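Enquirer: Pasting the sequence and the predicted model now:
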Amino acid sequence: MTKSVQARVARMLHHRKAALEQGDPVVPPITASATFHLPHVQAGGQIYGRNGNPSWDAVEAQLALLEEAEVVSFPSGMAAIAAALFATLRSGDRLVIPSDGYYVTRVLSDGFLRTLGVEVTQIATSAYATADFTGAAVVYLETPSNPGLEVVDIAGVASRARAAGARVIADNTTMTPLLQQPLDLGCDLVVASDTKAPAGHSDVLFGHVAGRDPAMIGRVRDWRRMAGAIPGPFEAFLVHRGLETLELRLERMCASAAVIAGRLSAHQSVRRLRYPGLAGDASHWAVGGQMANGGFLIGFELADAAAAEGFLARCPLIEQSTSFGGTHSAGERRARWGDMVPEGFIRLSVGVEPVEVLWTAIADALADQGMPATL
Ligand code: PLP
């Protein structure tokens, strides 16, 4: 993590200090109110619970420091993605999205935007490097992609897309603003699911859009108010708390992922492992550049669906769930959702378990084809 990002983290931890008065709570209160005292409309302050809420303000202030941008929060990553797309596209526009990124973004684009007259072009993440963006209104990228962990050269793609007249939106979910800063690399908007590592405890859904163009972010804010896709104050509180330990958790998760990826890649049952942090990985060129490190996600294949399901069921330290970025290591066979990956492909999200205990559980589950592994 660069010194400038470390400084952003430190500022985030103390973001409330300057405004605190004697006796104020250090931790932001959960403001559960749909209405606010409003004798005068133009006098400032909160208006109505769909327009704003002090609990959102607190988490948006943290994210704004991390992104060095204006931030609008949402009740999920998909709500943030929908807002960014609906705020930037109109009928007749062309949208470029990855064919191998998070599948719900594709389903949203095909199922809703296309029917409203947006032309949707899907290209593989690996093809962004050479794609022709002529005629595109929005180029949407996801890097490293979920689940294949393919990487886009963000600065290169952003500069070619902008030269072609397109706006660039980056889904930064797999990295978080601590490990990668797409706005610094020329993107117009960042979208992210804070359900993952930022909240970090698998107990809340949340998302945000960040941007530095006041008009563009203003349209995103208008979308939230008019569509009514607003986060709850308790959810905002949980994400605020999660963000305070994001750097610490990422440090453990990414260091452990590097160890486990190295050992898994040498294991006889494991094929085609992807981890950008490994020297031989096709995405390794980006690590130390646009990516601060290799992240906490690993992709790898076992022989077939049965071998992958058996491994996941046997390993006591891998939750069989469909998310990532939480404190618990979690894994799943992505082909079960129809992702274009081999049947035995597993996406593993490395958690905060002590790494040697985690590795022993993984190695035992790989070795023992019959018995449930024990600790
Ligand atoms: N973007 C990526 C890369 C994701 O992996 C996900 C969820 O898995 C989302 C967006 C959507 O986030 P949420 O589940 O918070 O709506």
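Expert: Arrived safely, thanks for sending.
Enquirer: residues near the closest residue to residue 91 other than its chain neighbours, how many?
Expert: Using C-beta to C-beta, 6 or more residues apart in numbering and skipping residues adjacent in sequence, the residue nearest residue 91 is residue 117, 3.4 Å away. In this view, the C-beta of every residue, glycine as well, is placed from N, C-alpha and C. Residue 117 has 11 neighbouring residues, counting by other C-beta atoms under 10 Å.
Enquirer: Quick check, pLDDT for residue 117.
Expert: Per-residue confidence (pLDDT) for residue 117: 98.
Enquirer: now do the one 5 residues further on
Expert: At residue 122, the predicted lDDT confidence score is 97.
Enquirer: Can you name the residue of the stretch 251-375 of the chain nearest to the ligand?
Expert: The ligand sits closest to residue 323 of the stretch 251-375 of the chain, with a gap of 5.9 Å, by C-beta to the nearest ligand atom.
Enquirer: Alongside the ligand, which residues does the protein contribute?
Expert: Within the chain, the positions adjacent to the ligand are 76-78, 102, 142, 146, 171, 173-174, 193, 195, 205, 207, 323 by C-beta under 6 Å from any ligand atom.
Enquirer: For these, which two are the farthest from each other?
Expert: Longest distance between any two of the residues of the chain next to the ligand is 18.3 Å, between 142 and 205; criterion C-beta to C-beta.
Enquirer: Could you tell me the end-to-end distance of stretch 260-280?
Expert: Distance between the two ends of stretch 260-280: 15 Å, counting by C-alpha to C-alpha, to the nearest Å.
Enquirer: in what helix or strand does residue 73 lie?
Expert: strand 70-74 (DSSP states H and E).
Enquirer: Now the following helix or strand past that strand: average pLDDT?
Expert: Where DSSP H and E defines the elements, the next helix or strand beyond strand 70-74 is helix 77-88. Computed over helix 77-88, the mean pLDDT rounds to 98.
Enquirer: packing partners for the helix or strand just after helix 77-88?
Expert: Downstream of helix 77-88, the next assigned helix or strand under DSSP H and E is strand 94-98. Contact analysis of strand 94-98 by 3 or more C-beta pairs under 8 Å, 6 or more residues apart in numbering; DSSP states H and E lists helix 103-108, strand 119-123, strand 138-142 as its packing neighbours.
Enquirer: What score does residue 6 have for pLDDT?
Expert: pLDDT, read off for residue 6, is 95.
Enquirer: Which other helices and strands does the host helix or strand of it contact?
Expert: Using DSSP H and E, residue 6 sits in helix 3-13. Counting by 3+ C-beta pairs under 8 Å, 6+ apart, the packing neighbours recorded for helix 3-13 are helix 54-67, helix 176-179, helix 233-244.
Enquirer: which one's the longest helix in the protein?
Expert: Using DSSP state H, we find that the single longest helix of the chain is helix 246-265.
Enquirer: Show me what counts as buried in that one.
Expert: For helix 246-265, a neighbour-count test (16 or more other C-beta atoms under 10 Å) marks 246-247, 249-250, 252-258, 260-261, 264-265 as buried.
Enquirer: Need the outlier residue of the chain, farthest from its centre.
Expert: Most distant from the centre of the chain: residue 39, at 40.5 Å, with distances by C-alpha atoms, centre = their mean.
Enquirer: Next one: it from residue 46, what distance?
Expert: 13 Å (C-beta to C-beta, to the nearest Å).
Enquirer: What of residue 311?
Expert: Between residue 311 and residue 46 the computed distance is 51 Å (C-beta to C-beta).
Enquirer: And these two? Which one has more around it.
Expert: In this view residue 311 and residue 46 are compared by other C-beta under 10 Å, and residue 311 has more residues nearby, 24 against 16.
Enquirer: And the pLDDT at the more buried one?
Expert: Note on residue 311: pLDDT of 97.
Enquirer: Tell me how many other residues surround the closest residue to residue 199 other than its chain neighbours.
Expert: Of all residues not flanking residue 199 in the chain, residue 242 sits nearest, at 4.1 Å (C-beta to C-beta, 6+ apart). Using other C-beta under 10 Å, residue 242 has 24 other residues around it.
Enquirer: Wait, residue 242 touches residue 195, no?
Expert: No - with contact defined as C-beta atoms under 8 Å, residue 242 does not count as touching residue 195 (10.0 Å).
Enquirer: For the ligand, what's the nearest residue on the chain?
Expert: Using C-beta to the nearest ligand atom, the closest approach of the chain to the ligand is made by residue 77 at 2.4 Å.
Enquirer: Could you tell me which residues make contact with that residue?
Expert: By C-beta atoms under 8 Å, 6 or more residues apart in numbering, the residues touching residue 77 are 173, 191, 192, 193, 194, 195, 196, 205, 206, 207.
Enquirer: could you redo those residues as CSV and give each row secondary structure, pLDDT and neighbour count?
Expert: Putting the contacts of residue 77 into CSV (DSSP: H, G, I helix; E, B strand; the rest coil; pLDDT from 0 to 100; neighbours: other C-beta atoms under 10 Å) gives the following:
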residue, secondary structure, pLDDT, neighbour count
173, coil, 98, 26
191, strand, 99, 30
192, strand, 98, 29
193, strand, 98, 29
194, coil, 98, 30
195, coil, 98, 25
196, coil, 98, 24
205, coil, 98, 22
206, coil, 98, 28
207, strand, 98, 29
